[in-house]
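Enquirer: turn this into a structure:
(one chain, ligands or ions: 2)
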Amino acid sequence: MHAKSVPNVDNRSPQERDPRLQSTIIICDFEWNGCPEAVALESMSTHVKTCEHKKCKKCGHSVGQTPEDRHTDDVCIKLLLKDSNELNEKLQNLQNNYKSVENDKNLLTKQMKEMKENASEMDVKYRELEAKHQNLKESMDSVSKSNIKQKHESVDSKPVETNTVDKTADEMKTIEDNVKQTAHRLRDTLHVQYILFGTYRTVPKSVELYEDGIQITDIQPNNGNRKFKYDFILQFNDMQRLAICTDPSLPLLCIKPVEDYNRMVQKGLHLGSNSPNGLRFDINSYDTSEQNIVIVLKERISDEFVVLLSDQLKRLNRRCNCHLIGLADAQVVVSTNVSEPQTTRTSIDNIIESVVSEHW
Ligand SMILES: [Zn+2]
Ligand SMILES: [Zn+2]
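Expert: Ligands and ions are numbered 1, 2, ... in the order given. The predicted structure is shown next:
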């Protein structure tokens, strides 16, 4: 039999291996400062690390290990003052930090407020644009509707519905006005009694108002030739002056055109040097009766119509002078033209009237 080999390992503590090494119990170094602990010699260094009594009871700062190290009041006061100063300094730093954070915060708040204001301004502008766009769309729709409605008015006259009656009178009036205005806004037929080109009086087939001017259709020239008739578009751009009389007894538009238009009318209607009978149109004439195109209407001219017309004229031709005239001035404009040699005027009128009646 072989003896088993025993490994040479001993995990026991020195005290366990040798009872003579049983540790000495000693009291804490800070017993003088109130520590009640008594521990084994080898554990003392560990205890001292965490001993609560190594600090002065009055000021909380470390004290030495002997009773002689006990703080006098002077030492405590000095240490406490030092603490107080350090705390004040920290407090001051904190306050400064707080102030600068507060400033940053205010600056950010201000910037955010400005951004919000800008955003809401943009929003308002956007809404305004959107509303304008919508209005434009609606007025275009209502114009096309009212055009269709006018055409079918006689056929399609529905009774007024109950809920329409319930609307207030004001609302109804506003709607009516809007329809009237939008109907006028783009185009309108002018019901014309007659037109004077200078001293030449004629009745065209129709006179239409468009966005950019007035179209006169089928004008008989001053040469007795019934086969040729002219259509003239008198654009707002071609006008030097527009006078409007809204008096119901003589509603008229009195227009002085520009030079190019002057020449075109003279040549086309035989009212310049090619006039066969002395009837003339010439914006440069000394005779004021020869200077204007006068459109005399059968119907009264509304204030809305005047506003629309003059606004459109202002938009398209700022140089044109647009103004209202009274009845007396309107009568002068017309009667001056009528004061042509009776025979000529009458004979021409007769020709025109016969042409017109044939035409209709
Ligand atoms: Zn202790
Ligand atoms: Zn102290």
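Enquirer: just the buried residues of stretch 56-71, please?
Expert: By neighbour count on 16 or more other C-beta atoms under 10 Å, the buried set for stretch 56-71 is 56, 59, 63, 71. Yep, even glycine has a C-beta here, placed from its N, CA and C like the rest.
Enquirer: how far off centre is that stretch?
Expert: Relative to the chain's own centre, stretch 56-71 is displaced by 79 Å; criterion: C-alpha atoms, centre = their mean, to the nearest Å.
Enquirer: how about that stretch and ligand 1, any contact?
Expert: No: taking C-beta under 5 Å from the ion as the criterion, stretch 56-71 and ligand 1 are apart, separated by no less than 10.0 Å.
Enquirer: list the contacts of that stretch.
Expert: 29-30, 32-34, 54-55, 73, 75-76, 79-80, 83 (C-beta atoms under 8 Å, 6 or more residues apart in numbering).
Enquirer: let me see the mean pLDDT of it.
Expert: Model confidence over stretch 56-71 averages 91 on the pLDDT scale.
Enquirer: pull the longest helix from this protein.
Expert: Counting residues, the longest helix in the chain under DSSP state H turns out to be helix 73-152.
Enquirer: anything in that helix near ligand 2?
Expert: Yes: Helix 73-152 lies within reach of ligand 2 by C-beta under 5 Å from the ion, at Cys76.
Enquirer: hang on, Ala330 packs against Pro248?
Expert: No: shown here, Ala330 and Pro248 do not form a contact pair, counting by C-beta atoms under 8 Å, at 11.2 Å.
Enquirer: residue contacts, the closest residue to ligand 1 within the stretch 51-200 of the chain?
Expert: Closest to ligand 1 within the stretch 51-200 of the chain is Cys51: 3.4 Å, counting by C-beta to the ion. Taking C-beta under 8 Å, 6+ apart as the contact definition, Cys51 lies against 28-30, 35, 37.
Enquirer: quick check, nearest of the residues you listed to ligand 2?
Expert: For ligand 2, the nearest member of the contacts of Cys51 is Phe30. The distance, counting by C-beta to the ion, is 13.4 Å.
Enquirer: low-confidence stretches in the protein?
Expert: Counting by pLDDT under 70, the ranges of the chain that qualify are 1-23, 146-169, 172-173, 175-186, 336-360.
Enquirer: which positions in it make contact with ligand 1?
Expert: Counting by C-beta under 5 Å from the ion, the residues of the chain that sit close to ligand 1 are 28, 30, 35, 37, 51, 53.
Enquirer: which of those has the most neighbours?
Expert: The most crowded member of the residues of the chain next to ligand 1 is Phe30, carrying 22 neighbours; neighbours defined as other C-beta atoms under 10 Å.
Enquirer: OK, contacts around the closest residue to that one other than its chain neighbours?
Expert: Spatial nearest neighbour of Phe30, chain neighbours left out: His53 (4.0 Å); criterion: C-beta to C-beta, 6 or more residues apart in numbering. His53 makes contact with 28, 30-31, 33-35, according to C-beta under 8 Å, 6+ apart.
Enquirer: how about TSV for these, with distance to Gln92 and secondary structure added?
Expert: Shown next, in TSV, are the contacts of His53 (distance: C-beta to C-beta, whole Å; DSSP: H, G, I helix; E, B strand; the rest coil):
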residue	distance to Gln92	secondary structure
Cys28	40	coil
Phe30	36	helix
Glu31	41	helix
Asn33	34	helix
Gly34	36	coil
Cys35	38	coil
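Enquirer: between the residues you listed, which is closest to Asn321?
Expert: Each of these was scored against Asn321 by C-beta to C-beta, and Asn33 proved nearest at 110.7 Å.
Enquirer: can you list the buried residues in the host helix or strand of Val207?
Expert: Secondary structure assigned from DSSP states H and E places Val207 in strand 206-210. By neighbour count with 16+ other C-beta under 10 Å, strand 206-210 contains the buried residues 207, 209.
Enquirer: now do it: which elements does it pack against?
Expert: With contacts defined as 3 or more C-beta pairs under 8 Å, 6 or more residues apart in numbering; DSSP states H and E, the packing partners of strand 206-210 are strand 188-190, strand 192-197, strand 213-219.
Enquirer: let's see it at 6 Å
Expert: If contacts are counted by 3 or more C-beta pairs under 6 Å, 6 or more residues apart in numbering; DSSP states H and E, strand 206-210 sits against strand 188-190, strand 213-219.
Enquirer: residues touching the longest one, excluding its own?
Expert: Contact partners of strand 213-219, identified using C-beta atoms under 6 Å, 6 or more residues apart in numbering, comprise 202, 204-208, 229-236.
Enquirer: centre of the chain to that strand, how far?
Expert: Between the mean C-alpha point of strand 213-219 and the mean C-alpha point of its chain there is a distance of 39 Å (C-alpha atoms, centre = their mean).
Enquirer: residue contacts, the spatially most central residue of the chain?
Expert: Most central residue of the chain, judged by C-alpha distance to the mean C-alpha position with C-alpha atoms, centre = their mean, is Lys125 at 2.9 Å. Applying C-beta under 6 Å, 6+ apart to Lys125 gives no contacts.
Enquirer: got the buried residues for stretch 223-241?
Expert: Within stretch 223-241, the residues that qualify as buried by neighbour count (16+ other C-beta under 10 Å) are 229, 232, 234-236, 238-241.
Enquirer: so which of those residues are in strands?
Expert: Filtering the buried residues of stretch 223-241 for membership in strands, criterion DSSP state E, returns 232, 234-235, 239-241.
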